[in-house]
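Enquirer: Provided below are the primary sequence and the corresponding predicted coordinates.
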Number of protein chains: 2
Amino acid sequence: MRIDRLQHAAAGSASRQVYRALRDAIIASDIAPGQRISENELAERLAVSRTPIREALIRLRDERFVQIVPQLGTFVTPISVAAVEDAQFIRESLECAAVRIAAVRAEDGDLAALDGLVQRQAEVSEHGDHARFAVLDDEFHAALCELAGRPVAWEVAQRVKGHLNRVRRLSLPQPDYLAEMVAEHRLVVEALRKRDPDAAETALRHHLRMVLSALPAIRAQHPDYFEEERA
Amino acid sequence: MRIDRLQHAAAGSASRQVYRALRDAIIASDIAPGQRISENELAERLAVSRTPIREALIRLRDERFVQIVPQLGTFVTPISVAAVEDAQFIRESLECAAVRIAAVRAEDGDLAALDGLVQRQAEVSEHGDHARFAVLDDEFHAALCELAGRPVAWEVAQRVKGHLNRVRRLSLPQPDYLAEMVAEHRLVVEALRKRDPDAAETALRHHLRMVLSALPAIRAQHPDYFEEERA
DNA sequence: CTCGGCCGCCTTGTATGTAAGTATGCAGGA
DNA sequence: TCCTGCATACTTACATACAAGGCGGCCGAG
């Protein structure tokens, strides 16, 4: 793992910075699944005391990114197929429920804003800029929840989305991946424009499931990152 | 508030015990919304140090039961209509999605188990035993999620359910409330028996919304427990 | 060679001390 | 009377010290 140097005072409290740094490192597999995280070592490396480290680890445990075993150690949770499917289920349930409401409440101005968002996605997808696309993708899904009047849906979805990103980062980048995503986003917006909740839900559900489709291949490629199947 | 004496070593670490005790106290309104929680005072009263108190408060902040303002204090969050609706939205989305799957996957043995559960609910409802009913009610909803193969759905639902219970505890106990709940549970099981996802979802959604129906009345009765409406 | 017991190191959990910042009450002047 | 400035007492955030327990290596006996 290569975590170093916290940002200066910006970005909130030390524990929050540690939390973000660790979470990003886990999702990016900079810290390998199963690896032990030493509170002492981290504290020394980040030049803070154990207290903010502990608080960050507690939050990560609540999100199931680490397992804390008393008097033994703290470990990055192996990627579990069940956990990924759980995350997918939660995200799908919440966002699909939200988009149904959005289909009813969306006004012309909202749709125009979504169009603009998708248009910008199309532009960055031309350049194959995955990082920038990811930001715009998050904005898109956040906008859907916002439109439904349930920003909390996106907050929760974003929480569990970390587990999905963790596996997605392991998959080989498909060449037309971004273009497909943009096309699917367009379908969702079109359904919203027709004020058709069923079509919007169907389109979004299909879109969300694209991520999972690569899961078996990823597991075959990185078997050591996964926990063994439970009987 | 009247929190005292943690249980002895059972029930896990001190911080977890503090967390549970505080959460229960907040949901039961033993600690009034808006009231300040002093780390020092709590530590003294519970006979533990400030560390486990802090860790418990952090978890409660993540669940939006308290607000921590640096260098100022920690406060029990006022009941907010928006937060209650958010919790309702999440629970409804997850459980309805789960019950649709359950309708497809349910086998005869599962249905029999649900029947038994509802039967026991009917018995305790006869005696007006709200506490025991609450336990069986939780078991029922947990069973639905388990049947769908998504126990995580219930875990998340249970988390946000605290916000719903907080307002429900404030409502006057309706005389036929428990009997109604049992009847609605029966409708859900019947829909499952017919393997009808749409009917199951409809029945469950109607059931879940019963709780919210009393919200305006509760707010009128305890205005000081609610935060002022946002413009 | 193998197995059993002991010892030391390392872990997390908890307790306590230090620092920095905010609200509050009071004193003093306009 | 009202407003301003300060001292004080409180808070959380962070740092450090201590305690309890598991794991592994070592050593000795069989």
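Expert: On my side now, so go ahead.

Enquirer: quick check: residues of chain A near DNA strand C?
Expert: Contacts of chain A with DNA strand C, taken as C-beta under 7 Å from any atom of the strand, map to A:37-41, A:50-51, A:54, A:68-74. C-beta coordinates here come from the backbone N, C-alpha and C atoms, glycine included.

Enquirer: name only those of these that count as buried.
Expert: A:37, A:39, A:51, A:54, A:74 (16 or more other C-beta atoms under 10 Å in any protein chain shown).

Enquirer: nearest to DNA strand D, of the residues you listed?
Expert: Using C-beta to the nearest atom of the strand, A:Thr51 comes nearest to DNA strand D of these, at 3.8 Å.

Enquirer: on the three-state scheme, the closest one is what?
Expert: Classification of A:Thr51 using DSSP: H, G, I helix; E, B strand; the rest coil returns helix.

Enquirer: so which strand or helix has A:Glu146?
Expert: Following DSSP states H and E, one finds A:Glu146 within helix A:130-147.

Enquirer: the next helix or strand after that helix near chain B at all?
Expert: Later in the chain than helix A:130-147, the nearest helix or strand by DSSP H and E is helix A:151-168. Yes - applying C-beta under 8 Å from any C-beta of the partner chain, one finds helix A:151-168 in contact with chain B at A:152-153, A:156.

Enquirer: could you dump those to a markdown table with neighbour count?
Expert: Listed next are the residues of helix A:151-168 next to chain B as a markdown table, based on neighbours: other C-beta atoms under 10 Å in any protein chain shown:
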| residue | neighbour count |
| --- | --- |
| A:Val152 | 20 |
| A:Ala153 | 28 |
| A:Val156 | 24 |
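
Enquirer: and of these, the nearest to chain B?
Expert: Set against chain B, the nearest of the residues of helix A:151-168 next to chain B by C-beta to the nearest C-beta is A:Val152 (4.1 Å).

Enquirer: against DNA strand D, how distant is A:Glu155?
Expert: Distance of A:Glu155 to DNA strand D, given as C-beta to the nearest atom of the strand, to the nearest Å: 20 Å.

Enquirer: now do the contacts for that residue.
Expert: Listed by C-beta atoms under 8 Å, 6 or more residues apart in numbering or on different chains, the contact set of A:Glu155 is empty.

Enquirer: give me the three-state assignment for A:Glu228.
Expert: Classification of A:Glu228 by three-state DSSP places it in coil.

Enquirer: what about it, neighbour count?
Expert: By other C-beta atoms under 10 Å in any protein chain shown, the residues close to A:Glu228 number 8.

Enquirer: do A:Ser93 as well
Expert: Considering only other C-beta under 10 Å, A:Ser93 is surrounded by 26 other residues.

Enquirer: stretch A:104-123: how far from the chain's middle?
Expert: Here the centre of stretch A:104-123 is set off from its chain's centre by 22 Å, with C-alpha atoms, centre = their mean, to the nearest Å.

Enquirer: mind listing what's buried in it?
Expert: A:106, A:110-111, A:114, A:117-118, A:120-122.

Enquirer: quick one: the helix or strand hosting A:Leu111 to helix A:130-147, angle?
Expert: For A:Leu111, the element it lies in under DSSP H and E is helix A:108-126. Interaxial angle of helix A:108-126 relative to helix A:130-147 (axes from the mean of the first three to the mean of the last three C-alpha atoms, to 10 degrees): 170 degrees.

Enquirer: for helix A:108-126, packing partners?
Expert: For helix A:108-126, the packing partners by 3 or more C-beta pairs under 8 Å, 6 or more residues apart in numbering or on different chains; DSSP states H and E come out as helix A:130-147, helix A:177-193.

Enquirer: wait, A:Arg91 touches A:Arg159, no?
Expert: No - judged on C-beta atoms under 8 Å, A:Arg91 makes no contact with A:Arg159 at a distance of 9.4 Å.

Enquirer: who has more neighbours, those two?
Expert: More neighbours surround A:Arg91 than the other of A:Arg91 and A:Arg159, with 23 against 18 (other C-beta under 10 Å).

Enquirer: just give the closest residue to the more buried one, not the sequence neighbours.
Expert: Nearest residue to A:Arg91 in three dimensions, chain neighbours excluded: A:Ala157, at 4.5 Å (C-beta to C-beta, 6 or more residues apart in numbering or on different chains).

Enquirer: list the contacts of that neighbour.
Expert: A:90-91, A:94-95, A:141, A:145.

Enquirer: could you measure it against A:Ala148, distance?
Expert: Counting by C-beta to C-beta, to the nearest Å, the separation of A:Ala157 from A:Ala148 is 12 Å.

Enquirer: please apply the same query to A:Lys161.
Expert: Distance from A:Lys161 to A:Ala148, by C-beta to C-beta: 17 Å.

Enquirer: of these two, which one has the most company?
Expert: Set A:Lys161 next to A:Ala148 and count neighbours by other C-beta under 10 Å: A:Ala148 wins out with 23 against 20.

Enquirer: how close does that one sit to B:Ser80?
Expert: Counting by C-beta to C-beta, the gap from A:Ala148 to B:Ser80 is 18 Å.

Enquirer: coming back round to it: so which bits of the helix holding A:Glu146 are buried?
Expert: Buried residues in helix A:130-147 (16+ other C-beta under 10 Å): A:133, A:136-137, A:139-147.

Enquirer: regarding chain A, what is its longest helix?
Expert: In chain A, with assignment by DSSP state H, the single longest helix is helix A:81-105.

Enquirer: kindly report the residues of chain A close to DNA strand D.
Expert: Contact residues, chain A versus DNA strand D (C-beta under 7 Å from any atom of the strand): A:13-15, A:48-52, A:55, A:71-72.

Enquirer: can you list the low-confidence ranges for chain A?
Expert: Counting by pLDDT under 70, chain A shows low-confidence ranges at A:1-11, A:172, A:229-231.

Enquirer: pull out the buried positions in stretch A:177-186.
Expert: So, applying 16+ other C-beta under 10 Å, buried residues of stretch A:177-186: A:177-178, A:181-182, A:184-186.
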